[in-house]
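Enquirer: Next comes the sequence, and after it the predicted model I'd like to discuss.
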Amino acid sequence: MNAPLMRLRGLIRKESLQILRDPSSIAIAFILPAVLLLLFGYGVSLDARHVSLGLVVDEPSSTAASFISQFRHSPYFTPHDFATERSAEHALAGGQIDGFIWLQGDFSRMLDAGRKPAIGLFVNGVDANNARLIENYVQQSWVRWVAQQAASTGIADPQPIDIEPRIWFNPAVSSRDYLVPGLIAVIMTLTGALLTALVIAREWERGTMEALMVTKVSMLEILAAKIVPYFLLGMGGMVVSVLIAVFLFGVPLLGSLVVLGLASSLFMLASLGMGLLISTIAKNQFVAGQIAIITTFLPAFILSGFIFDISSMPAIVQWITHIVAARYFVAILQTLFLAGTVWSVLLPNLLALLAMAIVFLGAARLTARKRLD
Amino acid sequence: MLGRVLALVVKEFLAILRDGKSRAVLIGPPLIQLVVFGYAASFDLNHVPFAVYNQDPSGYSRDLVADFAGSPAFKQVAVLHSPARIRDLIDSRRVEMVLDIDPRFSRDLLTNVPAPVQVIVDGRNSNTALLILGYANDIITSAGENWATSRGKSGPPAQLDPRALFNPNLDSHWFIIPGIVALLTQVITLLVVGLSVAREREAGTFDQVLVTPLRPLDILIGKSLPGLIIGLVEATVIIVAAHFWFSVPLLGGLAQLYSGLILFTAAVAGIGLMISSLAATQQQALLGAFLFMVPSIILSGFATPIANMPVVVQDLTLLNPMRYALVVIRSCFLEHPTFSVLMPQYAAMASLALVSLATAGWLFRKRAV
Amino acid sequence: MALKSAVARPVETAARPLILNSVTRRFRVGKRIVTALDSVSAETTHGLVTGLIGPDGAGKTTLMRLVAGLLRADEGTIQVFGADVGSNPLAVQGMLSYMPQRFGLYEDLTVQENLDLYADLQGVPPADRSARYTELLHMTGLKRFTARMAGRLSGGMKQKLGLACTLIRPPKLLLLDEPTVGVDPVSRRELWQLVDHLVRHSGMSVLLSTAYLDEAERCDAVLLLHEGLLIGAGQPSEFTRAMTGRSFLAHAANVSKRSLQAALVATQGVTDALIQGEAVRVVLEPGRAPSTIWSERFDHLDFVPATPRFEDRFVDLLRSGAPSQTPAPQTLSAAPSMAARSDSAIEVVHLTKRFGTFTAVDNITFTVQKGEIFGLLGANGAGKSTTFRMLCGLLPATSGRLRVDAYDLRHAAATARGRLGYMAQKFSLYGDLSVIQNLRFFAAAYGLRGVRRNERIAWALNEFELFSLADATSRDLPLGFKQRMALACALMHEPDVLFLDEPTSGVDPLARREFWLRINALAERGVTVLVTTHFMDEAEYCDRLVVMAQGRILATGTSEDLKRASRTADLPDPTMEDAFIALIEADAAKQTGQET
């Protein structure tokens, strides 16, 4: 065996032994992703379900009941009856209900007289997203009711245009199906950077880096030896996450496993590279950890398109999202899970990840000098 | 007692602010994050790219397309002449919606048969998909109504009259940016307090302080007050920016808002001190702070409603001070709550603050190894 | 990497393990530029142990790192066996081995795994390994511990394992950075035997740095560094020879050794005076005869010539370099005289502390009288600091009883802590704060206020000569000043009992002398002082001391008692270190005797 290979083997074995003996890195790689995914997979949902909806009917009548009854048996709403509009409004302000429907006193009479009464829908606009979803649900119910009314009275459908919605890839519009793949990306950003952010800083602090550096070992060998075991560890965490997503959350996985493996590898390399870069710059675990927190979790959470739509952001912010590796991984994962192996999406994102991996690893290599100054 | 606590507080401030690096950490990232996230974190749709496949070459269908193209929510990026490319455009995410107008459109419209229009949406992001559908629904319904009125037709027998209280335009910035106040205040308070004890333990100065006649209560106040003050200052900066820069209305009483913020920062400081005194090293403290921070943000109602979570997780959020802070801050921005309405939130944060601070104070001496 | 074409060098250059040619290295500390090494030029000889001697901050580690190619010199060149470190670090690294401070071991790997790693890194062929391992394990006595984690070895064993790892591939030049710091005297002696063995049998050259001046005498040659300057080079005997006829032991009737020392330090013509046993060791200025040393305060001063020591010369060099600035702690204010509650200030009875299954302090008992300087002497890990922390109320005792000034500080009211002063290891003060801010904080923490507080702060700045540094950030201060500041903070409230944890670790001999003068003055005024130290010679400053090892007390008494007990025919005048080793060996013999 030649000398560089022997050195690399020795270093890799050392890193692996250290990982095996340090429960915290195992925990970061396997337990942290699993726990976070479970917690968030169950905890994070954008679907409006069991919305507390107030119902105010000033004068009960059969037509009023036909409209109201739709909300009594809907999985989306939990109905609450109120006697007056005032009391419903009070409940809305107090947060007991998210919105209410008000059929005013003369509703049935106006309807019968063809005077087009208004159906009042009040929602709490503080959570704008939720409010908009409620509005949409109610609007759909209203359209259905109008059609029913028209059919029962024998008049032609008053809606001149018929909308036929088709939601591809996720026909049930379950937010979990798209949130879980995104979460995997966010969580892997965390573990990837956290795993390596501390490892080089630790060697500086314990004084072992000095001992390594006076041997003939090169910085490239030191970095490579750090990457190999942590890469395997990170990929292990990735496998755990995917298994949880598919078997526990029932998210379909339509794309190719090979591409999933490739994308995860590239992403993992980019994350590890970023961690190593932080680690070589910081030289102290405290600063390294702080940088890792500031540069990984929040950007991955907010700027990756995992939850907030990137194309709706201002141009300059969209530009910033290009330096967040998670952005590309989120796009790849959502596509692979829900759409399949769509090369037109995958290719540019894979290339972007490759570029980021090269940049981060290269920068780590350049900043890691085999000298103390 | 007062003099000693004051000395501790002054010392903490000096330790934080004399060092250029930690000063930078306190000032730079929060402001950058506020601006970037303030713009980025939004559920509103702007310029959603869509394609049109218009199989009915008539003025009516062109009017409908113009309605879409003229809406700020949508941006037309492609015109298709065959269905073959629909798949490709959506798969590759170049468009998020395709408007497919049936060849019978104008004929059906004129013969009083509901005219078919297909709206194809990319469901990979289900939330965006639903919102796009909602927007499309609005445009098409009002186009239909306009057409009906212009023809003198009766239209639907009743009108839906939606009204959003507190946020009439349903601007989601009004929801997210007050959330960022809580988010960044928590991050900063946690960073200031969460590492302070562990850092002193490592440097050996904590021992030095413990052998002075300072009592655990003095140390507790001296340690948490700086975090509280810095958290409040940071919150104030963000509130000012939210109101004047992002134009989020600030309707509620400042007294209600700041009562909530004080209790919130106290609770976060208590949790930070608990983590800090449990940790033997700064690294452990950092990991601990992180492991608290991530779930506390995701499970706070910051981006996704707590009501949607399973009951077990909902119960878990009861221990999360940010959950209560978000309610207080948001209602103070957009509503005009009275103290009595917010009382349950105050009470919850106050008890979290009490319990965590008391535990932290107890841990100071206990965890001395 | 291709080897540079072998440029013909003079044989002389290639035969020298190390040639330093006006090497300068600066660092930026905060806003200041610190010159760590100031145009140092020196040469070492092949096959010898060269000691790099100087206190912390002298530039020893910087020099080691420069030689190892880990740092680059700002000016000057370094050659190792003719190869230039700056231009060809890999070639140099191929010839030398370097053991950094803390030995560079992976504590979560076993002894064998550490050896394997370094064998891989040094490219030792697998076929040669087992013979090399056997030899090294035999030499270091680690054979029985190959499966043990390096982190669970004692300090002395770690040091030997670190050495074994650097010797896996025998280097031509071995660099050892403070290999003996913090390890017990027995391990220190063993390390020196190992180093001697290597040099004699393998023809290796060794550069070894140390802050212990007594180790200089074991080196073949010495480079003496102080504040980045090379202030002396040569054989140790040359250093001591220069002091011939200048070192004496002084006795005076009716005068306590502390007063005598304090008086002698301030006397004209005296370079150095420090307590040694019952006498005061005096170094006179060149050309001074003992008879010319006179003061009306001594009735009869008796001078006995003493063998010069390396430290005498070092102090002499430092004093002659700078104008003699005699520290005169005249204004140390005394503690208010105490109403005598009892004669003992500190009582420790059957004190035990366990962490899990590990017994850190094992059933110790001792009593400290009021106004006494009492020492806890032992290597790192002997249980000194744990005992200390229990006395201060920072750690609960597992069992046993302890009283400080009639209180158990773990349970007493906070005000009880106001009577003691505490100086933590490594002078832990707030590094981000300035000197004056630290003083203000501790004054307030001890409950001083108003005029009194300002008075005491002014006193501290004045007494410890910190005025000019009042606004300096304390992190950037030299170690000696940090030590002064730490003592100032601990004395802010005029405590009755003073706890000092390794108070002189790493500071230079002058700062140490100054420090002990202050402590002596405090003790003279009735302050009780409890001090831990791993410097054996500092036992001389203590009225009484206990020697600790592995959590147990091996002996209690005055330093004279302890030395006398270890006196043998071979060793008529044992040092404290000899006494310590004798105690440890006797204890080990007793233990094995009990086991069999």
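Expert: Arrived safely, thanks for sending. Numbers count the residues shown, from 1 in each chain, chains lettered A, B, ... in the order given.

Enquirer: okay, and for chain C, where does confidence drop off?
Expert: For chain C, the stretches with pLDDT under 70 are C:1-12, C:30-31, C:182, C:294-299, C:321-342, C:413, C:594-596.

Enquirer: quick check: longest helix of it.
Expert: helix C:576-595 (DSSP state H).

Enquirer: ok, C:E43 - how many residues close by?
Expert: C:E43 has 17 neighbouring residues, counting by other CB atoms under 10 Å in any protein chain shown. Any C-beta I mention is one placed from the backbone N, CA and C, and that applies to glycine too.

Enquirer: so what's it up against?
Expert: Neighbour list for C:E43: C:16, C:18-20 [criterion: CB atoms under 8 Å, 6 or more residues apart in numbering or on different chains].

Enquirer: now, which of the residues you listed lie within strands?
Expert: Among those, the members falling in strands (DSSP state E) are C:19-20.

Enquirer: Now render the contacts of C:E43 as a markdown table, adding distance to chain B and neighbour count.
Expert: Below are the contacts of C:E43 laid out as a markdown table (distance: CB to the nearest CB, whole Å; neighbours: other CB atoms under 10 Å in any protein chain shown):
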| residue | distance to chain B | neighbour count |
| --- | --- | --- |
| C:R16 | 43 | 18 |
| C:L18 | 37 | 23 |
| C:I19 | 40 | 19 |
| C:L20 | 35 | 23 |
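
Enquirer: between the contacts of C:E43, which is nearest chain A?
Expert: Checking these against chain A with CB to the nearest CB, the nearest one is C:L18 at 14.6 Å.

Enquirer: just to revisit the earlier point, now do the buried residues in the longest helix of chain C.
Expert: Neighbour-count burial for helix C:576-595, with 16 or more other CB atoms under 10 Å in any protein chain shown as criterion, is recorded at C:576-584, C:587.

Enquirer: So which residues make contact with that helix?
Expert: Taking CB under 8 Å, 6+ apart as the rule, helix C:576-595 contacts C:184-186, C:189, C:214, C:377, C:536-537, C:539-540, C:547, C:549, C:552, C:554-555, C:559, C:562-563, C:565-566, C:571, C:574.

Enquirer: for stretch B:225-238, same thing?
Expert: Counting by CB under 8 Å, 6+ apart, the neighbours of stretch B:225-238 from elsewhere in the structure are B:5, B:9, B:12-13, B:16, B:26, B:30-31, B:34, B:180-181, B:184-186, B:188-189, B:192-193, B:196, B:258, B:261-262, B:265-266, B:268-269, B:272.

Enquirer: likewise stretch B:255-267?
Expert: Residues contacting stretch B:255-267 (CB under 8 Å, 6+ apart): B:182, B:185-186, B:189, B:224, B:227-228, B:231-232, B:235, B:239, B:321-322, B:324-325, B:328-329, B:332, B:337-339, B:342, B:345-346, B:349-350, B:352-353, B:356-357.

Enquirer: Give me the distance from it to the chain's centre.
Expert: How far stretch B:255-267 lies from its chain's middle: 18 Å, per CA atoms, centre = their mean, to the nearest Å.

Enquirer: give me phi/psi at the residue lying closest to B:A51 once chain neighbours are set aside?
Expert: Take B:A51 and drop its neighbours on the chain: the residue closest to it by CB to CB, 6 or more residues apart in numbering or on different chains is B:A78, 3.9 Å away. Here is the backbone geometry of B:A78 (degrees, to the nearest 10): phi -150, psi 150.

Enquirer: Quickly list the domain ranges of chain A.
Expert: A:3-44+A:174-367, A:51-153 (automatic domain parsing).

Enquirer: Please pick the buried ones from the contacts of stretch B:225-238.
Expert: Of the contacts of stretch B:225-238, these count as buried by 16+ other CB under 10 Å: B:5, B:9, B:12, B:16, B:26, B:30, B:34, B:180-181, B:184-186, B:188-189, B:192-193, B:196, B:258, B:261-262, B:265-266, B:268-269, B:272.

Enquirer: Okay, and which of those map to helices?
Expert: Secondary structure from DSSP H places B:5, B:9, B:12, B:16, B:26, B:30, B:34, B:180-181, B:184-186, B:188-189, B:192-193, B:196, B:258, B:261-262, B:265-266, B:268-269, B:272 of those in helices.

Enquirer: What pLDDT is listed against the residue nearest to B:R4 when sequence neighbours are not counted?
Expert: Of all residues not flanking B:R4 in the chain, B:D218 sits nearest, at 5.3 Å (CB to CB, 6+ apart). Per-residue pLDDT puts B:D218 at 88.

Enquirer: All set now, cheers.
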